[in-house]
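K.L.:
okay, predicted coordinates and the sequence, questions at the end:
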There are 2 protein chains.
Amino acid sequence: MSEMSAKKEVEFWFEYGSVYSYLSVMRIEFEAQRRDIKIIWKPFLLGAIFQSVGFKTSPFVEQVDKRSYVLQDMPRQCKKYGLKWSEPGTFPRSGLLPLRVALLGIDEPWIGEFSRRVMELNYVFDKDINEPEILAPILSDIGLSASKVLKQANAESTKILLRKQTEQARINRIFGAPTFLIGKEMFWGNDRLDDAFQFAFHS
Amino acid sequence: MSEMSAKKEVEFWFEYGSVYSYLSVMRIEFEAQRRDIKIIWKPFLLGAIFQSVGFKTSPFVEQVDKRSYVLQDMPRQCKKYGLKWSEPGTFPRSGLLPLRVALLGIDEPWIGEFSRRVMELNYVFDKDINEPEILAPILSDIGLSASKVLKQANAESTKILLRKQTEQARINRIFGAPTFLIGKEMFWGNDRLDDAFQFAFHS
């Protein structure tokens, strides 16, 4: 790519409570780097989207057979991508607090590392990622002031920002996570990550 | 593979009205041949499964954003696999009649060719695959007596067989199509065809 041309961009709509978002969060920075693509991190509340289409909760809870399948599929997928997996005691688990933290970091270099650490807490260490004392150590590890970041994450302005971002997801007709957007072109699911990047690369 | 070892088998649960089944129906015989795997064809009524989990119709109808996405995703997927695509005027379209025909052919050499022709009628030529006069020419083309086969397809015994097969799908906890089963190991969606075959190959 010449220095004159702008870097290609992919919007990455994700949720820490979304199990297939785990796979994409762990892969996306490396996949983006090798194609020189810029990721626009878009944390949003998937539960609010499910409610807006009439689900009371995740389809993985409402549909027992689908839930059972996902818990069979995930260990295989993790093995395929070289990721660890431990079935979470709570599934799906709300990702509200780390999503608010993520909104503070979408333009910061720590967003990728923070996101991977949150996902590992949930899907490898089976920790409640909504607990400030669970998140604090990883914030410190990546060089941030945990107390300062957590306070800002719970500020009214951040809560409003997450609601607005989720409303934008709905306007974009997003119905699941992870979702990749390149302009109006939508790619849904970790299974479409490569297709999305190919599309961005050639667009 | 030595002649002594039994051929590995993959159960292929599919529905002619299912759009992602189109992709798998077109690919599966070639993928199976190159790995020397035997396909067990399992036509079933997906609509009855959706109803049993509380959907009135396909999720692609109930959820407008998902429907809109699928119609954006399918042309891209078809392009990836070198398949033709024309958005059907009716979507999803019932596959009841060809499913009953398929039940007569599950152990016959024509099941693959018949299935591909039905899928092309639906997703390339936008024809109502439930109409006997639409199906008759492809039955003749593959060397069968169309009138005889269609009569047998509409026999009470065949109708009961399809209901039983669909009940078996439910017992197997199948919730979508295509679904690949190797023993109790389930792989859902055309995106998992390769994983399923890899699993069968190494099992």
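P.N.:
It's in.
K.L.:
not counting its neighbours along the chain, what's nearest A:G176?
P.N.:
Spatially, and ignoring its direct neighbours in sequence, A:G176 is nearest to A:W188 (5.5 Å; Cβ to Cβ, 6 or more residues apart in numbering or on different chains). To be clear about C-beta, it is placed using only N, CA and C from the backbone, and glycine gets the same treatment.
K.L.:
revised request: answer the last question for A:A48.
P.N.:
A:T166 is the one closest to A:A48 (Cβ to Cβ, 6+ apart), at 4.9 Å.
K.L.:
which strands or helices does the helix or strand encompassing that neighbour pack on?
P.N.:
According to DSSP states H and E, A:T166 maps onto helix A:156-171. Applying 3 or more Cβ pairs under 8 Å, 6 or more residues apart in numbering or on different chains; DSSP states H and E, we find helix A:156-171 packed against strand A:37-43, helix A:46-52, helix A:96-105.
K.L.:
quick one: which of the ones you listed is nearest B:R117?
P.N.:
Closest approach to B:R117 among the helices and strands packed on helix A:156-171 (Cβ to Cβ): helix A:46-52, 38.6 Å.
K.L.:
which positions within that closest one qualify as buried?
P.N.:
Of the residues in helix A:46-52, A:L46, A:G47, A:I49, A:F50 count as buried by neighbour count, 16 or more other Cβ atoms under 10 Å in any protein chain shown.
K.L.:
and that helix, average pLDDT?
P.N.:
In this model, helix A:46-52 carries a mean pLDDT of 86.
K.L.:
count the residues that sit near A:A169.
P.N.:
Per other Cβ atoms under 10 Å in any protein chain shown, the neighbour tally for A:A169 reads 24.
K.L.:
now the one 5 residues further on
P.N.:
By other Cβ under 10 Å, the residues close to A:I174 number 23.
K.L.:
cool, the one 3 residues further on as well?
P.N.:
Using other Cβ under 10 Å, A:A177 is surrounded by 27 other residues.
K.L.:
and A:S94, what does it touch?
P.N.:
Neighbour list for A:S94: A:G17, A:G47, A:I129, A:N130 [criterion: Cβ atoms under 8 Å, 6 or more residues apart in numbering or on different chains].
K.L.:
got a ChimeraX select line for the buried ones in those residues?
P.N.:
Those of the contacts of A:S94 that count as buried under 16+ other Cβ under 10 Å are selected in ChimeraX with:
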select /A:17,47,129,130
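K.L.:
now, the most widely separated pair of the contacts of A:S94?
P.N.:
A:G47 and A:I129 (14.0 Å).
K.L.:
show me whatever sits in contact with both of these two.
P.N.:
A:G17, A:S94.
K.L.:
which helix or which strand is home to A:Y16?
P.N.:
Per DSSP H and E, A:Y16 falls between elements, in no helix or strand.
K.L.:
nope, A:C78 is what I meant
P.N.:
A:C78 is part of helix A:64-81, with elements assigned from DSSP H and E.
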